[in-house]
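**Student:** sequence first, predicted model second:
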Amino acid sequence: MKKLRNIKEELISKATDLFYEKGFAAASVREIVKSASVTNSALYNHFKDKNELLYVIINRVGKELIEELSKIQRRKGDEVEKLKEMIKKQISIVKDKKKEARIFLEEEYQLKESYRKKVLEQHKKIYEIYKKQLEVLEKEGRLRKINKTIATFAIIAAINWTYRWYKEEGKLSAEEIAHILCDIIFKGILK
């Protein structure tokens, strides 16, 4: 059983590399199985099709992000600091899982309807977590009079696009980028 799990993980890893490099549509099942050194039947033993493989990759990163953001939100402490920590954690996940983050954000539209609905639920949950945090800040009297829906989307958009331009060898670390991004966001939303 352990060997089957390793094959499944190898297929996910190789598919992630190929979907990142070529995009979902251009990456073939043949390329995935060849790069994993397995047969087509090995892929179909673990996944219904290439679309389910895409869903597994997207679902994993979405699930991890939701769990991490929820953990932070449930903690006791200063609500502004918790929002900062949430932003930093999401940027950290984008940095550490750059390939998966890009697939999560750019390839979702390729999913079959049933999978796409599940992923959209993840997007909604992420949105709700951030919006709830802004609502807490509003109740504390710390939030400017702003449209929380637009502010929530702006925060998420600013974070999500870091995967496009962040470079490990760049002048700024992911932590420095997160700090600067928090500063920019908070000057726009906090009193």
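**Tutor:** All right, it came through fine.

**Student:** lowest-confidence helix or strand of this structure?
**Tutor:** The helix or strand of the chain with the lowest confidence, counting by mean pLDDT, DSSP states H and E, is helix 162-165 at a mean of 81.

**Student:** buried ones in it?
**Tutor:** 162-163 (16 or more other C-beta atoms under 10 Å). (Glycine included, C-beta is placed from N, CA and C.)

**Student:** packing partners for that helix?
**Tutor:** helix 79-96, helix 98-106, helix 174-189 (3 or more C-beta pairs under 8 Å, 6 or more residues apart in numbering; DSSP states H and E).

**Student:** with just CA atoms, put that helix into CSV.
**Tutor:** Extracted C-alpha coordinates of helix 162-165, given in CSV (Å, rounded to 0.1, in the frame of the first residue of the first chain):
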residue,chain,number,x,y,z
THR,A,162,2.8,37.9,-5.5
TYR,A,163,3.3,34.5,-7.1
ARG,A,164,3.6,36.2,-10.4
TRP,A,165,6.5,38.6,-9.6
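
**Student:** from the chain's centroid, how far away is it?
**Tutor:** Chain-centre distance of helix 162-165: 12 Å, with C-alpha atoms, centre = their mean, to the nearest Å.

**Student:** stretch 123-134 too?
**Tutor:** 13 Å.

**Student:** mind listing what's buried along it?
**Tutor:** Of the residues in stretch 123-134, 126, 129-131, 133-134 count as buried by neighbour count, 16+ other C-beta under 10 Å.

**Student:** out of those, which is nearest to Leu54?
**Tutor:** Ile126 (18.8 Å; C-beta to C-beta).

**Student:** was I right to think the closest one contacts Glu64?
**Tutor:** No: applying C-beta atoms under 8 Å as the test, Ile126 and Glu64 come out as separate, 11.2 Å apart.

**Student:** could you pull out the residues contacting both of the two?
**Tutor:** In terms of C-beta atoms under 8 Å, 6 or more residues apart in numbering, Ile126 and Glu64 are not both contacted by any residue.

**Student:** could you pull out the helices in this protein for me?
**Tutor:** Assigned helices in the chain, in chain order: 2-22, 29-36, 40-46, 50-74, 79-96, 98-106, 113-139, 148-160, 162-165, 174-189 (criterion: DSSP state H).

**Student:** mean pLDDT lowest for which of these?
**Tutor:** Set side by side, these differ in mean pLDDT, and helix 162-165 is lowest with a mean of 81.

**Student:** pLDDT wise, what is Trp161 at?
**Tutor:** Trp161 carries a pLDDT score of 84 in this model.

**Student:** distance-wise, check it relative to Arg102.
**Tutor:** 11 Å (C-beta to C-beta, to the nearest Å).

**Student:** and if you look at Val80?
**Tutor:** From Val80 over to Arg102 (counting by C-beta to C-beta), the distance is 30 Å.
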